[in-house]
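Chemist: Sequence and predicted structure are below.
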Amino acid sequence: TLAQCEQVLGDTHPDTMTSRNNLAGAYCQAENLERAIPLLEATLAQCEQVLGDTHPRTLTNRNNLASAYRSAGDPERAIPLLEATLAQCEQVLGDTHPDTMTSRNNLAGAYCQAENLERAIPLHETTLAQRERVLGDTHPDTLRSRRDLASVYQAAGDLERATPLFEITLAQCEQVLGDTHPDTLTSRINLAGAYCRAEDLERAIPLFATALAEVLGDTHPRTLTSRMYLAAAFKDRAR
């Protein structure tokens, strides 16, 4: 499709740029970042040239390229793009537009990846507050924001703030998404991990055991991780 669009419509036609972005997305999904990143870089440059620096497609493509950089373990290249995207989203779309909140959350995640928690925490706190107000308390994006904030609190060593958020998130995921939804399983593992850090194995071990459900399969990475944590918890309790 991309080759034909380039031949028939031209290199910078909107449909050609969309095809190029779609192909890059497929490469990203296949974890082929060596092919994805050059396509995303080309698409962004063309969007900026043809559509302008603050066009919604340009903002989306800038965010997509930053996400690919993050996936490649390069937050240093992702952060400037995400900072620019957030500033432009706030200017063009408004402070609480869904795309703006997504950009804010993505920038916070990049700061976390770069181990800059002082910048990450306020952004996660702001995003959660806005999503609770705009999307509602149990919207999937709100649940992810609550989990992300709890995770960054835990990374900062603040279990007193992290654990209640993990508990609330798990309860809401079970209610809204169901007991075996992947986000619910992730929330259950996260809460069990927080209990382990607090040396509360009586609460941690049952959660880890529950996370070993057959939903994902016996050899799924999440299942293997849960089994590893469960073994470690039993070992610690035996001591």
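Modeler: Alright, I've got the coordinates.
Chemist: Check the contact between residue 120 and residue 152; I expect there is one.
Modeler: Yes - between residue 120 and residue 152 there is a contact under Cβ atoms under 8 Å: 5.4 Å. All C-beta spots, glycine's among them, are computed from the backbone N, C-alpha and C.
Chemist: Flag the shaky bits of this protein, pLDDT-wise.
Modeler: 212-218, 222, 226, 233-234, 236-239 (pLDDT under 70).
Chemist: what do residue 120 and residue 152 both touch?
Modeler: Common contact partners of residue 120 and residue 152 (Cβ atoms under 8 Å, 6 or more residues apart in numbering): 108, 112.
Chemist: Leaving out the residues flanking it, which one is nearest to residue 113?
Modeler: Spatially, and ignoring its direct neighbours in sequence, residue 113 is nearest to residue 75 (4.3 Å; Cβ to Cβ, 6 or more residues apart in numbering).
Chemist: Residue 173 too?
Modeler: residue 184 (4.1 Å).
Chemist: Can you verify my assumption that that neighbour contacts residue 174?
Modeler: Yes - assessed by Cβ under 8 Å, residue 184 is found in contact with residue 174 at 5.7 Å.
Chemist: ok, the two, which is more surrounded?
Modeler: residue 184 (23 against 15; other Cβ atoms under 10 Å).
Chemist: buried residues in the strand or helix carrying the more buried one?
Modeler: Secondary structure from DSSP states H and E places residue 184 in helix 182-197. For helix 182-197, the neighbour count (16 or more other Cβ atoms under 10 Å) marks 183-196 as buried.
Chemist: Can you list the neighbours in contact with it?
Modeler: The contact list for helix 182-197 (Cβ under 8 Å, 6+ apart) reads 140, 143-144, 147, 150-151, 154, 159, 162-163, 166-167, 169-170, 173-174, 177-178, 201, 203-205, 207-208, 210-211, 213, 215-216, 222, 225-226, 229, 232-233, 236.
Chemist: Would you show me how to pick out the buried ones of those residues in ChimeraX?
Modeler: Buried members of the contacts of helix 182-197, defined by 16+ other Cβ under 10 Å, are picked up in ChimeraX with:
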select :143,144,147,150,151,154,159,162,163,166,167,169,170,173,177,201,204,205,207,208,211,215,216,222,226,229,233
